[in-house]
Structures are given as structure tokens and as C-alpha cells.
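K.L.:
show me how the following folds:
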Amino acid sequence: MKRNCLRNAESLPLRPFTTIAKSAAVVIVLTAVVAIVIAATIPYVIANSRIRDTIGSELSALTGLPVRLNGTVSVSVLPKFVARISDVEFGAEPGPGQFNLRAGSIVVELSWLAAFTRQVEIKALAIDLAEIRLAEDPVGIWLPAPLLNALTPTLSEARAALVSNPVAPDFSTIANWSIGKLVLSNSMLQVINKKGEAETITGMRAEVDWTGANMPAQFTGDGVWRGKEINLSAVVRKPFLAIAGGNSEFTSRLRSEPVQFEFDGVANLQSFFFADGALRFETPSMRQLLLWLGTEIDPGNAMGRLSMAAKLTTKDDHLKFDDVTLEINESTASGVLDLSRALNSPSLSGTLAFEQLDLASFLQAFSIGFSTSPARTGFLDKVQLDLRLSAKAANIGGLPISNLAATARVKDGNADFDLGDATTLGGRVQANLKISSTGDVPNGELRLKASDIDLSQLEHMENLPSLAAPLQFSANLSGKYSGLMSFLALGEGEAEVEIANGQLRNFDISGVRRLLDRGELFNLPDVYEGSVGVKSAKLSAVISKGVAVIKESFFDLEGAKIDATGALPMLTRGLALSGIMTDTSDPQVATKQKFFVGGSWAQPFVTPTN
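P.N.:
Numbers count the residues shown, from 1 in each chain. Modelled structure (predicted):
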């Protein structure tokens with residue numbers, strides 16, 4: 001049975017397939033002949049001069065600007081029907097509110113079918129070696145009036161359609177409106193603001209594809225701005241709906257070495273820009289970004305990497321960021337932010353909750369932190385800031401902090417950084433730094449307050465004297481502020497320390513008495529062993545030019561009392577103290593020994609002065 005089937009199949013004629021192949025070949029040949037005939041006929045249907053004049057009038061009608069075709073026109077019909085024109089100018093000479101474009105050449109793709117009705121229909125436009133200049137007018141409008149006037153009838157129709165049916169506007173009456181495909185290559189764009197300041201993009205390549213009022217508009221482009229390559233792309237799903245005041249799906253992407261930006265949501269352009277969607281922003285160095293953007297904010301030692309993901313909603317001149325995830329260097333936060341404009345300066349407010357926060361790095365972001373570099377406080381009158389911060393865990397200069405609550409405020413040339421409450425070393429700490437921008441160098445004021453601090457919890461205190469006792473501390477400092485280190489070096493103020501019952505670890509009080517009795521100089525680390533009880537202690541000092549001058553101090557220890565005065569140069573960590581130790585181990589014999597302590601905090605020495 002199978003053999004018979006195979007035999008019958010082999011005997012089937014191949015004539016139908018041959019017929020199809022011949023028919024296809026005939027169709028292909030006829031199509032090619034027709035195309036050649038059309039191509040050969042077009043120059044006789046429409047003269048080059050007609051094409052030239054119609055292209056000029058079409059471009060002028062589209063832009064509302066005068067168009068001058070200074071060069072020659074050449075037409076080719078295969079593989080596409082295109083006209084090439086050299087030396088083309090759009091618009092007037094550069095000036096306030098004026099637009100000017102000059103192109104080395106333009107290539108216009110035309111419609112074959114329209115040509116046989118003796119019409120010139122532009123399908124696509126490619127502009128090469130263009131020089132574009134766009135100037136802002138005195139009231140802040142960038143698009144020139146002729147271009148706006150050319151768009152007005154179409155925009156009016158779109159807005160009327162939206163008013164008639166806000167849910168599903170009918171743009172069919174303007175369906176024939178089209179930019180088509182516009183390609184720009186090897187070009188330069190110069191934007192001039194009303195102050196006469198110019199920004200230039202060179203090596204620019206751009207492509208716009210918008211084939212109809214109801215079709216999506218797409219844009220891609222790249223170029224070089226301020227020495228950095230930039231790449232921008234955008235898609236508006238329903239452009240006329242967005243321009244008329246409705247919400248259209250909108251995506252945009254910006255890529256450059258200093259910054260990356262993405263937006264995916266909806267937008268409209270009625271009376272102001274409205275957007276609602278997901279946003280991502282990232283820069284490897286905020287300092288480099290501020291320098292590249294040329295902002296009036298002096299970046300100083302501003303933060304490095306910063307990234308943000310959020311839900312963006314704009315309203316009037318406000319940008320609201322919800323569900324924020326923010327990364328500053330190695331610190332991650334969540335919260336809400338609001339960015340607006342107040343008195344011609346940006347205003348940022350919001351709440352950020354950190355899991356882990358490097359407080360010194362955060363302050364450094366404002367160029368006023370713990371670096372030895374001079375602070376840049378010129379930003380104080382350039383921004384408005386009101387941030388509320390919290391952190392489960394934080395650190396400042398290596399000091400661990402938990403349950404932090406703080407605020408950062410900048411307004412009218414003044415800054416206020418307030419650590420309202422935090423837990424550290426078993427106690428609580430509060431701090432406030434105020435900077436007032438007055439004169440060439442601003443004034444600074446620092447207040448610190450700590451309670452129930454246990455210094456023995458500090459790291460690397462295993463073999464050093466340390467107080468395991470509740471410590472109360474307060475300090476005030478004021479002076480010219482050009483950086484924290486110089487502020488500490490030149491500031492004026494006072495400090496007080498009080499210690500309750502506890503222990504002084506790694507300190508042999510009997511060894512100190514014995515060495516003082518010998519009357520010889522000795523290194524204080526020689527008695528860093530054992531421990532002694534502390535009944536109470538108090539110290540008060542005046543701070544001047546980086547030196548804490550101790551006015552009064554006493555330590556009531558088990559078996560001894562110590563009174564001392566002198567100076568502690570804080571920046572150099574030196575010692576210059578003189579004091580008296582009273583032996584209280586025997587109430588009947590209260591011997592006194594005078595001494596001097598010098599050297600450094602790390603390696604102090606003691607010499608008797610009896």
C-alpha cells in the first residue's frame with residue numbers, strides 16, 4: 001500500500017508550481033518596469049523649480065518662519081524620490097525672541113503618488129551641518145512668535161476636541177497634520193537667555209518621528225554639552241492630547257557621564273508642565289554634577305554618589321516625590337520630598353528615614369562638614385531647605401549613634417542643623433549648629449549637650465584610662481565659620497563636665513602616689529593598670545582659639561583627691577596641666593603632692609613639682 005502511494009505521488013505533475021513561479025516573475029518584472037517608468041516620468045510631471053518653490057512654501061507653512069533656499073536643487077527618484085538642496089536658512093537674524101537655522105544641506109523625501117497629481121508632499125526631512133540659534137525673549141518665551149502662530153490653529157482645534165469630549169477626544173479633523181520624519185546630523189544648537197548668556201550643544205544628532213496628530217511622537221538625540229556626551233530619548237503616546245491639556249503616556253531617558261535620568265508616566269502641557277509617574281535619578285558624583293550644570297551653588301566638598309527612585313507628581317511649580325528611595329554615598333533612606341521655587345531660589349522640604357546614616361558625610365554634602373578643607377557657604381542664600389531626618393543607626397566621626405532625630409534648615413542666608421535627640425554610649429546627646437551668612441565669612445554657633453554618657457564604651461579603650469561612670473557634658477562655641485576645623489581652632493566658648501559615682505579603669509592611683517614620692521619624672525602609661533573608684537568629678541573650661549583653658553577641675557577618688565588647672569590644645573592634642581594630689585587613704589595624715597602633666601594625649605608624662 002505504501003509503495004503505491006509513493007508511486008502515485010511521484011507521478012503527480014509539477015506544472016502548477018511552474019505556473020506560479022512564472023506568474024510571480026512576470027509580476028516582479030512588471031513592477032520594476034512600472035517603477036522605472038514612474039521614476040523616468042516624474043521629472044516631466046514636476047519641474048525642479050516647482051519642487052524647489054513648493055518645498056520652501058511647505059517648510060515656511062510648517063514653521064511659520066521665512067525660508068530661503070540659497071543653493072541648487074537636485075532631484076533623484078531611485079531608490080526614493082528625494083530632493084537635495086544646499087545652503088538653506090530658516091528665520092531671521094539672531095536676536096531676542098528670534099529663531100535662526102542655517103543648514104549646509106537638506107534632503108527632502110517626497111511622495112511618488114502625490115507627484116502624479118502634480119503635488120509636492122514631504123514625507124521626511126534630513127538636515128545636515130545645521131547651525132541653530134534660539135534666543136529667549138524679555139518675558140521668558142523661547143519658541144519664536146511665528147512658530148507659535150503657525151501652531152495656534154492646530155492647537156485650538158485640539159483643545160476644542162478635548163473640551164467637547166475630555167474622556168475620548170476626536171482628533172480626526174486634524175489627522176492630516178504631520179511633521180513626518182525629521183533627522184538632524186552634524187549640527188550645532190546654541191541657546192541664548194535674556195541675559196545674553198549662551199549654551200551650545202555640538203556634534204548634535206537628532207531624530208523626530210511624528211506621522212500624524214493621532215500617532216505617537218518619538219525623539220532621540222545625542223550631542224556634546226560642556227565637554228560631556230549626552231543622549232536623550234522621549235516618546236509621547238498622544239502628543240496633541242498632551243499639548244491640548246489632557247494626560248498622555250510619556251517616557252523619557254537622559255544618559256550622560258555625570259547623570260542618568262528616567263521618567264515613565266503621564267504628562268500634559270496645558271498651562272504648565274504636569275507629570276505623574278515613576279522617576280529614577282542617579283549621579284556618581286553630586287559635586288561633578290553641580291560643576292557640570294554650572295549652578296550658582298558652590299559644590300565645595302559636596303557628596304559623591306547620589307541616586308533616587310520616586311513617584312513624581314507636579315502641581316503648579318511644585319514637584320512632589322512620594323515613595324522616595326534615596327542613596328547618599330553609602331546611606332539609604334526612604335520618605336517624601338517636595339521641590340518648589342521660592343523667591344527665585346529652589347526650595348526643598350521633606351522627611352527622610354535612614355537605616356544607617358553617616359552624619360559627617362551628610363553634613364559634608366552641604367560643604368560645611370568635618371573635612372579640613374575650607375567650607376563653602378555661598379549656597380546659603382541660593383537655596384531654601386527644610387529636611388526632617390531620622391536614623392535607626394548612625395555614626396559621626398566613628399562615634400556610634402542610634403535612634404537619631406534631626407533637622408536641617410537653610411533659609412534667607414542662615415543654616416540650622418539640629419540634632420534633637422540621639423542615643424550614644426549608653427546616654428543621650430543633643431547638638432545644634434547655626435551658621436549666619438553675614439559678611440565675607442559667616443558667623444557660627446555650636447551647642448552640645450550630653451547626659452549619662454559612659455566613655456568606657458568607646459572603641460580602642462582596652463588599655464587606656466576610661467571612665468565607667470555617668471558623664472554630663474555641655475559646651476557652647478561661637479565665632480567665624482569657614483569650616484568646622486577652623487571654627488574649632490578659632491572659636492570662643494566654654495565647656496563643663498560632671499561625673500557621678502563610677503570607676504576610672506586602667507589607672508593605678510597608688511602607683512601614682514608611689515612615683516610622685518620618688519620625685520622623678522615618669523610616663524603616665526606606666527600606671528595604666530587596675531582601677532579606682534570615682535565618687536564625683538567636675539571640670540569647667542574656657543575655650544579660646546582651639547585651646548581649652550581649665551579654670552577648675554577636681555576628682556574625688558577612692559584614696560585621693562586631685563585638683564588641676566592648665567590648658568588642653570584640642571587640635572594638637574597636647575597637655576599642659578599643673579595640680580595637687582591629696583592622699584585621703586589615711587584620714588589622720590593628708591599629704592599633698594604637686595605635679596605637672598605635659599606631652600600629648602597619647603603619651604603624657606608627669607613630673608613632681610614639690
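
K.L.:
for Ile55, see how far away Arg287 is.
P.N.:
Here Arg287 is placed at a distance of 50 Å from Ile55 (C-beta to C-beta, to the nearest Å). (Glycine included, C-beta is placed from N, CA and C.)

K.L.:
give me the more crowded residue out of those two.
P.N.:
Higher neighbour count among Arg287 and Ile55: Ile55, with 22 against 17, using other C-beta atoms under 10 Å.

K.L.:
can I take it that Lys80 is in a helix?
P.N.:
No: judged by DSSP: H, G, I helix; E, B strand; the rest coil, Lys80 forms no part of a helix; its state is coil.

K.L.:
that one: neighbour count?
P.N.:
By other C-beta under 10 Å, 12 other residues sit near Lys80.

K.L.:
wait, what's in contact with it?
P.N.:
Lys80 sits next to Glu109 when contact means C-beta atoms under 8 Å, 6 or more residues apart in numbering.

K.L.:
could you redo the last one with a cut-off of 10 Å?
P.N.:
Counting by C-beta atoms under 10 Å, 6 or more residues apart in numbering, Lys80 touches Val107, Glu109, Leu110, Trp112, Lys123, Ala124.

K.L.:
what about the helices in this structure?
P.N.:
For the chain, the helices defined by DSSP state H occupy 2-10, 15-45, 48-63, 112-115, 145-164, 239-244, 286-293, 359-364, 484-490, 509-518.

K.L.:
remind me which residues of the stretch 451-600 of the chain are low pLDDT?
P.N.:
Across the stretch 451-600 of the chain, the ranges flagged by pLDDT under 70 are 459-462.

K.L.:
first-to-last residue distance for stretch 501-509?
P.N.:
This stretch, stretch 501-509, spans 17 Å end to end (C-alpha to C-alpha, to the nearest Å).

K.L.:
buried ones in it, by neighbour count?
P.N.:
Within stretch 501-509, the residues that qualify as buried are Gly502, Gln503, Leu504, Arg505, Asn506, Phe507, Asp508, Ile509, counting by 16 or more other C-beta atoms under 10 Å.

K.L.:
most widely separated two among the residues you listed?
P.N.:
Farthest apart among the buried residues of stretch 501-509 by C-beta to C-beta are Gly502 and Asp508. That separation is 16.9 Å.

K.L.:
for the chain, where's the lowest mean pLDDT among helices and strands?
P.N.:
Each helix and strand of the chain was given a mean pLDDT (mean pLDDT, DSSP states H and E); the minimum falls on helix 2-10 at a mean of 44.

K.L.:
confidence score at the residue nearest the centre of the chain?
P.N.:
The centroid of the chain falls nearest to Met286 when counting by C-alpha atoms, centre = their mean (5.7 Å). On pLDDT, Met286 comes in at 77.

K.L.:
was I right about it contacting Glu327?
P.N.:
No: using C-beta atoms under 10 Å, Met286 is not in contact with Glu327; the gap is 11.4 Å.

K.L.:
overlap in contacts, these two.
P.N.:
Arg305, Leu306.

K.L.:
let me have the buried residues of stretch 501-509 in a markdown table, extended by distance to Pro216.
P.N.:
Listed next are the buried residues of stretch 501-509 as a markdown table, based on distance: C-beta to C-beta, whole Å:
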| residue | distance to Pro216 |
| --- | --- |
| Gly502 | 74 |
| Gln503 | 76 |
| Leu504 | 76 |
| Arg505 | 74 |
| Asn506 | 75 |
| Phe507 | 78 |
| Asp508 | 83 |
| Ile509 | 84 |
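
K.L.:
for Ala360, see how far away Leu455 is.
P.N.:
Distance from Leu455 to Ala360, by C-beta to C-beta: 20 Å.

K.L.:
go on, Tyr481?
P.N.:
Here Tyr481 is placed at a distance of 16 Å from Ala360 (C-beta to C-beta).

K.L.:
okay, these two: which has more neighbours?
P.N.:
Tyr481 (25 against 17).

K.L.:
right, and that one touches Leu433 too?
P.N.:
Yes: contact status for Tyr481 versus Leu433: in contact at 8.7 Å, counting by C-beta under 10 Å.

K.L.:
got any residues that touch both of these two?
P.N.:
Ile368, Ala415, Gly444, Glu445, Leu446, Phe487.

K.L.:
which of the residues you listed fall in strands?
P.N.:
If you go by DSSP state E, the shared contacts of Tyr481 and Leu433 have Ala415, Gly444, Glu445, Leu446 in strands.

K.L.:
export these to JSON lines and tack on distance to Trp225?
P.N.:
Below are these laid out as JSON lines (distance: C-beta to C-beta, whole Å):
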{"residue": "Ala415", "distance to Trp225": "32"}
{"residue": "Gly444", "distance to Trp225": "38"}
{"residue": "Glu445", "distance to Trp225": "42"}
{"residue": "Leu446", "distance to Trp225": "42"}
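
K.L.:
and which of the residues you listed is nearest to Val589?
P.N.:
Among those, Leu446 lies closest to Val589 (C-beta to C-beta), at 46.5 Å.

K.L.:
in this structure the closest one contacts Ala475, no?
P.N.:
Yes: counting by C-beta under 10 Å, Leu446 does reach Ala475; the two are 7.6 Å apart.

K.L.:
name the residues contacting each of those two.
P.N.:
Ala431, Gly493.

K.L.:
which of these two has more neighbours?
P.N.:
Legend: neighbour count by other C-beta under 10 Å for Leu446 and Ala475, higher for Leu446 (21 against 18).

K.L.:
who's that one bridged to?
P.N.:
Beta bridges link Leu446 to Leu433, Leu477 when assigned by DSSP bridges.

K.L.:
repeat that for Leu568.
P.N.:
Using DSSP bridges, the beta-bridge partners of Leu568 come out as Ala548.

K.L.:
which ones are touching it?
P.N.:
By C-beta under 10 Å, 6+ apart, the residues touching Leu568 are 539, 541, 543, 546-550, 574-577, 601.

K.L.:
one more time with 7 Å
P.N.:
Leu568 makes contacts with Val547, Ala548, Ile550, Leu575, as judged by C-beta atoms under 7 Å, 6 or more residues apart in numbering.
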